[in-house]
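Q: Please work out how this folds:
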Amino acid sequence: MAKFTKKPAAEITIEPTPSSTEESKATLSPAKTHSNLKDRDTLLRILSRVHDSTEGYDYTEDQLKEMQANPDNKDYSKVLQMFVESRLQQEITSYQTISQSVNPRSLLITTSNQQAYMVYMKKDYLHDGIWLISSFMDYMPQGDQIHEIYSLISLAEAPEDVKEWAQGLLKQPGWLKEFHTFDERTYAFIKSSSSDSDSVELEEVMNSAGEVFISYQSYQYAANSHKELINDYLLLELKGPSIWDVTFQNTYANFPLVEAK
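A: Prediction:
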């Protein structure tokens, strides 16, 4: 049976903050990374919504003792690199700690084949302070689809069945957002209050395994503003197979919104 020792209280609460030099040791050539993978905030939003692709790890006592014998396992960056090379069979292009704590530690990494991962690590003080991979989850952009996940169209450009659906929504008072699937075509619709001063602006569209996230902003302009500034509605044709849900998020409004009932 393994002998367990209690970690001193000071050690439990104090963990050295990694220096910028330490964090950048495995950062190779960011230029090789897909342009979307360099957007840290976008990646974090995508990965934070993925709950069903996390793979966790448990270790036997024999495995822990074997890892304890290797001094490299006391360096989290070396453990991370070995994990990516052996388990994922890829090469790291960049990594960054994104958690507020450094133990346990959450890291956002990108690899040379344009894939991104969230990796969770913890230091095992019962085995001489070695670092362990506790779990990870991944996100793989689907080729050029990341740039073609939607088209913004006008009512005049919409197919007749979509136009009829959208026109019915336009007649309703107040702000509104809905999506609808017509056979294998999915459309999202966001409308303002239809006043002469309210406008809706598209911010971002993301597709994660058929779940689409649309963020938008709402504005109220002065009565004498140019009409070109006003977008009464947004109609999006969503691209990609097997779209099963659409989530809308209003990220900014310069006035209180009154939604349609």
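Q: so how far is residue 149 from residue 183?
A: Distance, residue 183 to residue 149, by C-beta to C-beta, to the nearest Å: 19 Å. Where you see a C-beta, it was placed from the backbone N, CA and C, and this is true even at glycine.
Q: Check residue 249 too.
A: Applying C-beta to C-beta to residue 249 and residue 149 gives a distance of 16 Å.
Q: More neighbours: the two, which one.
A: A direct count of neighbours by other C-beta atoms under 10 Å for residue 249 and residue 149 places residue 149 higher, at 17 against 12.
Q: How about the more buried one: what's its closest non-neighbour residue?
A: residue 207 (4.5 Å; C-beta to C-beta, 6 or more residues apart in numbering).
Q: I figured the one you found was touching residue 240, is that so?
A: Yes: between residue 207 and residue 240 there is a contact under C-beta atoms under 8 Å: 5.2 Å.
Q: Those two: which is more packed in?
A: Using other C-beta under 10 Å, the more surrounded residue of residue 207 and residue 240 is residue 207, with 22 against 16.
Q: contacting residues around that one?
A: 145, 149, 213, 238-240, 243 (C-beta atoms under 8 Å, 6 or more residues apart in numbering).
Q: Now the closest residue in space to residue 154 that isn't next to it in sequence: phi and psi?
A: Closest residue in space to residue 154, ignoring its immediate chain neighbours: residue 235 at 6.9 Å, by C-beta to C-beta, 6+ apart. Main-chain torsions, residue 235, degrees, to the nearest 10: phi -120, psi 120.
Q: From residue 166, how far off is residue 235?
A: Here residue 235 is placed at a distance of 6 Å from residue 166 (C-beta to C-beta).
Q: Which strand residues bridge residue 117?
A: Beta-bridge pairing for residue 117 (DSSP bridges): residue 109, residue 138.
Q: Settle this for me: it is touching residue 93, isn't it.
A: No: Residue 117 lies out of contact with residue 93 (C-beta under 8 Å); the separation is 11.4 Å.
Q: which neighbours do those two share?
A: Here residue 117 and residue 93 have 110-111 as joint contacts, going by C-beta under 8 Å, 6+ apart.
Q: What are the boundaries of the helices in the protein?
A: 9-13, 20-23, 40-48, 61-68, 76-86, 160-170 (DSSP state H).
Q: What helices and strands are in contact with the fifth one?
A: Translated: helix 76-86. On a contact count with 3 or more C-beta pairs under 8 Å, 6 or more residues apart in numbering; DSSP states H and E, helix 76-86 meets strand 92-97, strand 105-111, strand 116-124, strand 130-139.
Q: Residue 65: neighbour count?
A: 13.
Q: Tell me, how many residues neighbour the closest residue to residue 206 other than its chain neighbours?
A: Sequence neighbours aside, residue 213 is the residue nearest to residue 206 in space, at 4.6 Å (criterion: C-beta to C-beta, 6+ apart). For residue 213, the neighbour count with other C-beta under 10 Å is 17.
Q: hang on, the earlier thing: sort the contacts of residue 207 by pLDDT and name the bottom one.
A: Across the set of the contacts of residue 207, residue 145 stands lowest in pLDDT, at 38.
Q: average pLDDT for stretch 223-231?
A: Average pLDDT, stretch 223-231: 69.
Q: where does the stretch 1-150 of the chain dip in pLDDT?
A: Low-confidence segments of the stretch 1-150 of the chain (pLDDT under 70): 1-54, 139-148.
Q: what about the residue lying closest to residue 82 once chain neighbours are set aside, how many residues close to it?
A: With sequence-adjacent residues excluded and distances taken as C-beta to C-beta, 6+ apart, residue 82 is closest to residue 72, at 7.6 Å. A total of 13 residues lie near residue 72 under the criterion other C-beta under 10 Å.
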